[in-house]
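Asker: Predicted model and sequence below, questions to follow.
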Amino acid sequence: MREKEWHTYEMIVNGLPQKIRYNANTVEHLFLPLLRRLTEMQRAEARRILVFLAAPPATGKSTLAQFLAQLSRTEEGLTPVQALGMDGFHYPNRYLAAHTILRDGEEIPLTSIKGAPETFDVPALAAKLGAAREESVTFPVYDRRIHDVVPDAVTADAPILLVEGNWLLLDEEPWRDLCGLADYRLRIDAAPELLRDRLIARKVQGGSTTEDAVAFYEASDAPNILRFAAHAGTADDIWRMTADGDFARV
């Protein structure tokens, strides 16, 4: 088997500088063909189009969306893509602290399951996406430095808006109605055990002990991963994340 040729790129992701790497073959034969399909679609429709990128935690979807947007502006002949995250539609921390949910017969604060589907303002997300199809709009962002939402932080005005998030294609109410707002839907799947290792390693790298990282995973990340896998929703294109962080079409 041909050895992979990894290229390193410097980017700003979630407001922080990062060095990321992608397989050159994947960029050439998966990423660029996707951008060409979207370019053709946007030109044929002669209007702004919305693209959903749905993936479970730890698949690098935010970074991938940013990279695809960067690629669209550096490769000749492509229509510019703007990457947007649905995380800006988290309920603010003050709302999460003041509201609860019933789980396994126990009433718990929404803050304890932040990131789960119930912690997002789905009607606001749907309204914003619907408006974005017709006009330029402002989008909120989730600032990971303050761990809260910043309203009206960016203007969404590119011909192709690439919106990424865990639950955009979730086949549950009230999420499933969002699917009709997308012109193209991309889903990334990954093995749960791979995501487990990546998420625990991420917490340890951030300063947690292994024991605390495992406990957090079991309480927060694991339910979300299983929920995504069980109710991921349909897509126009499905990719798989491999153990080395690469991507391949299913």
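Answerer: That came in fine, so what should we check first?

Asker: how about low-confidence regions in this structure?
Answerer: 1, 14 (pLDDT under 70).

Asker: all helices for the chain, in order.
Answerer: For the chain, the helices defined by DSSP state H occupy 24-26, 32-45, 61-74, 93-98, 122-132, 192-205, 210-216, 222-230.

Asker: Can I get the fourth one in PDB? Just the C-alpha atoms.
Answerer: Listed next in PDB are the C-alpha coordinates belonging to helix 93-98 (Å, rounded to 0.1, in the frame of the first residue of the first chain):
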ATOM      1  CA  ASN A  93     -24.700  29.700  30.100                       C
ATOM      2  CA  ARG A  94     -27.100  31.700  32.200                       C
ATOM      3  CA  TYR A  95     -30.000  29.900  30.500                       C
ATOM      4  CA  LEU A  96     -28.400  26.500  30.900                       C
ATOM      5  CA  ALA A  97     -27.800  27.100  34.600                       C
ATOM      6  CA  ALA A  98     -31.500  28.100  35.100                       C
END
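
Asker: Can you give the contact residues for that helix?
Answerer: His90, Pro109, Leu110, Thr111, Lys114, Thr119, His147, Asp148, Val149 (Cβ atoms under 8 Å, 6 or more residues apart in numbering). Yep, even glycine has a C-beta here, placed from its N, CA and C like the rest.

Asker: Taking the residues you listed together, which two end up most distant?
Answerer: Across the contacts of helix 93-98, the longest distance by Cβ to Cβ is 17.1 Å; it joins Pro109 and Val149.

Asker: And those two? Which one has more around it.
Answerer: Counted by other Cβ atoms under 10 Å, Pro109 and Val149 do not tie: Val149 has more neighbours, with 19 against 13.

Asker: I'd guessed the more buried one sits against Ala124; true?
Answerer: No. The pair Val149 and Ala124 does not pass the contact test of Cβ atoms under 8 Å, sitting 10.5 Å apart.
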